[in-house]
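# with the sequence up front, the predicted model follows.
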Amino acid sequence: MRAGAQLAVPRLADQVALGVLTRTYPPALVDQVLAQTGRVERRHRLLPARLVVYYVLGLALFSGIGSVEVLRCLVEGLREQAGWRHPREPWRSWHLPAKSALIQARARLGSEPLRVLLEQAARPVATRHTRGAWSRGWRVMSLDGTCLEVADTPANAGVVGRPGSARGERAGGFPQIRLVGLAECGTHSVVAAALGPYTTSEAVLADGLLETPGRLGPELLVLADRGLWGADRWRRAVQHGAALVWRVKTGPTGPACRPSGSWPTGPGLPG
């Protein structure tokens, strides 16, 4: 932020986003997850664990602004939400911490509470009237992968690796992590995700994701690209009861398939 600039009051769109944040992750659920993962603080802090959880989530919502400004927007919005006030949180005297304090707070929190929070809160959200969310009575889901850039630091590069460069350089500009997610097609709501270094294949991450309890069931129609095809992976997905429509390879490494390049199967589908 340039010198002399004033902090703006959160826009209406930001306030709406904050409302969605607290409805999706209610304070009571966040407190439960913190207790479950042993992150409840034993002494009063300027940045209590519950606030740090919302702060980390807010970094994704407000990726275009600075980290300290993200925290200011969250505090201004969240402390007005029902159930947000806490007897140990002195909001009247609260002030924005230094950036170094935010870094330390995120380190204390760690990744475990966010992982557990996702597992407990992430669910399909489409109703029967949501366009594109249903096909022949099934809720349509997609299993797919992507890569996300992370901060360009030696530590990140050493853990997750870098992609190659199309310009002939030895490595790309930013380290990247690989992600495979199970998402609801009608809403793009991600209900399960697996992360790994850039060098980890999508297939390996998909194997771990398919083992997540309760993510697949007979009410789902799961689509997947040919990069995720595998006989063992297919059988595990079928065992969960989901109907499958996956693209498969048609070359020497792929199974025999239909001229369309697909091999649909599952309850109610031709085998």
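Yep, it's here. Numbering: from 1, shown residues only.
# switch to C-alpha atoms for all contacts and neighbour counts from now on
OK.
# longest strand in this protein, please.
The strand that spans the most residues within the chain, counting by DSSP state E, is strand 138-149.
# what is the following helix or strand past that one packed up against?
Per DSSP states H and E, the first helix or strand lying C-terminal to strand 138-149 is helix 154-160. With contacts taken as 3 or more CA pairs under 8 Å, 6 or more residues apart in numbering; DSSP states H and E, helix 154-160 sits against strand 176-184, strand 190-197.
# any idea of the angle the first one forms with strand 190-197?
Orientation check (axes from the mean of the first three to the mean of the last three CA atoms, to 10 degrees): strand 176-184 against strand 190-197 gives 160 degrees.
# deepest of the helices and strands packed on helix 154-160, which one?
Across these, the average number of neighbours (mean count of other CA atoms under 10 Å) peaks for strand 176-184, which reaches a mean of 23.
# outside of that strand, which residues touch it?
124, 126, 133, 139-150, 157, 160-163, 189-202, 205-206, 209 (CA atoms under 8 Å, 6 or more residues apart in numbering).
# and the longest strand of the chain, what's its mean pLDDT?
Average pLDDT, strand 138-149: 93.
# please state the offset of it from the chain centre?
11 Å (CA atoms, centre = their mean, to the nearest Å).
# go on, stretch 46-56?
18 Å.
# all numbers from here: first residue = 32
All right, first residue 32 from here; so that's stretch 77-87.
# for the record, mean pLDDT for it?
For stretch 77-87, the mean pLDDT works out to 87.
# ok so, going back, for the helices and strands packed on helix 185-191, give me TSV that also has distance to Q63 and mean pLDDT.
As requested, these are exported to TSV (distance: least, CA to CA, whole Å; pLDDT from 0 to 100):
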stretch	distance to Q63	mean pLDDT
strand 207-215	25	94
strand 221-228	20	91
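# let's have these in a markdown table, adding distance to V99.
As requested, the helices and strands packed on helix 185-191 are arranged in a markdown table below (distance: least, CA to CA, whole Å):
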| stretch | distance to V99 |
| --- | --- |
| strand 207-215 | 24 |
| strand 221-228 | 27 |
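# out of these, nearest to P144?
strand 221-228 (14.7 Å; CA to CA).
# helices or strands up against that closest one?
Partner elements for strand 221-228 (3+ CA pairs under 8 Å, 6+ apart): helix 143-152, helix 185-191, strand 207-215, helix 233-241.
# no further questions, thank you.
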